[in-house]
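K.L.:
with the sequence up front, the predicted model follows.
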Amino acid sequence: MSKHDSSLSKDQFNLLKAFKKQISNPQSSAVAKQAESKKTQVAVEELEDTELFKKALVGVKPIANDNIANTKTTRSKKVDAQTLAKRAAAEGSAEQEHTEISDTQAILNPVASQAALSYRIATLQHKVFEDLKAGKMRWFEAVDLHGCTVEQARSAVLQIIQIAKDENQNVIKIVHGKGPEAILKTYVNGWLRQHRDVLAFVSAPENQGGTGAVLVLLKRAEKNPKYNQ
């Protein structure tokens, strides 16, 4: 029968065509119905899961942001040497150390700009010194002496040692720089060798300042006989 047969309307012709197709391929209809049924089943299951999740959240309150712990590690920053010098002058806490530490040793033992500084007391354990030398011991505070006069640098060094003692910390970092004549480096080397609380010091690893800085190991305050005084 032709689709141009005038005895059939357009809708009737399309219906007849679909019927013929279903007869010629009966499985296609069944497959389509099966796929549609499966799709409907998945949609129902997803809806049920959503409803169960909503019921499980009933009564649950979100965590407040102010209760979240701060996991960022804090790192001490280098303090201003001039500020430390002024603080030392105002407090007068390092007056005794000023009188005990002379410049004679520094004057008699100048160090080169690129020289690596190294000092330890005889009773210090070798492993502890090696850990300090390798930069494995975390320093508490650091001071940068660039731009200081000798007296400002002395006050700053004594002050930062005192701050560490007050906080019962035992590792500090002093940035003395190199310079063509290594003046501050020479004085720092001399002062630290005379200080009663210094157990050891060594030029820092390259990534912490190299020969332009020293890591200093101090006596713990509670182990210092003069702490209670």
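P.N.:
Nice, thanks for sending it over. Numbering: from 1, shown residues only.

K.L.:
now the strands for this protein?
P.N.:
78-80, 118-120, 141-144, 171-175, 198-203, 213-218 (DSSP state E).

K.L.:
contacts for the last one, please.
P.N.:
Looking back up the chat, that one is strand 213-218. 117, 124, 128-129, 132-133, 135, 137, 139, 142, 161, 164-165, 169-176, 188-189, 192, 197-204, 208 (C-beta atoms under 8 Å, 6 or more residues apart in numbering). C-beta: built from backbone N, CA, C; applies to glycine.

K.L.:
so of the strands of the chain, which one's packed in deepest?
P.N.:
strand 213-218 (a mean of 25; mean count of other C-beta atoms under 10 Å).

K.L.:
pairing partners for that strand, with directions?
P.N.:
Sheet pairing of strand 213-218 (DSSP bridges) gives strand 171-175 (antiparallel), strand 198-203 (antiparallel).

K.L.:
now do it, average pLDDT.
P.N.:
Strand 213-218 shows a mean pLDDT of 97.

K.L.:
dump it to CSV, restricted to CA.
P.N.:
Extracted as CSV, the C-alpha positions of strand 213-218 are listed here (Å, rounded to 0.1, in the frame of the first residue of the first chain):
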residue,chain,number,x,y,z
ALA,A,213,75.7,33.6,60.0
VAL,A,214,76.2,31.4,63.1
LEU,A,215,73.9,28.9,64.9
VAL,A,216,74.5,29.2,68.6
LEU,A,217,73.8,26.5,71.2
LEU,A,218,73.0,27.8,74.7
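
K.L.:
any chance of the strands paired with strand 213-218 in CSV, plus distance to residue 214 and mean pLDDT?
P.N.:
What follows is these, written out as CSV (distance: least, C-beta to C-beta, whole Å; pLDDT from 0 to 100):
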stretch, distance to residue 214, mean pLDDT
strand 171-175, 5, 97
strand 198-203, 5, 97
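
K.L.:
can I get those in TSV with distance to residue 14?
P.N.:
Shown next, in TSV, are the strands paired with strand 213-218 (distance: least, C-beta to C-beta, whole Å):
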stretch	distance to residue 14
strand 171-175	89
strand 198-203	94
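
K.L.:
which one of these lies closest to residue 153?
P.N.:
strand 171-175 (9.0 Å; C-beta to C-beta).

K.L.:
can I have that closest one written out in CSV, keeping just the CAs?
P.N.:
Extracted C-alpha coordinates of strand 171-175, given in CSV (Å, rounded to 0.1, in the frame of the first residue of the first chain):
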residue,chain,number,x,y,z
VAL,A,171,69.4,27.6,69.9
ILE,A,172,69.6,31.0,68.3
LYS,A,173,70.8,32.4,65.0
ILE,A,174,73.0,35.5,64.6
VAL,A,175,73.5,37.0,61.1
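
K.L.:
who's in contact with that strand?
P.N.:
Residues contacting strand 171-175 (C-beta under 8 Å, 6+ apart): 78, 132, 137-146, 157, 160-161, 164, 188, 192, 204, 208-209, 212-218.
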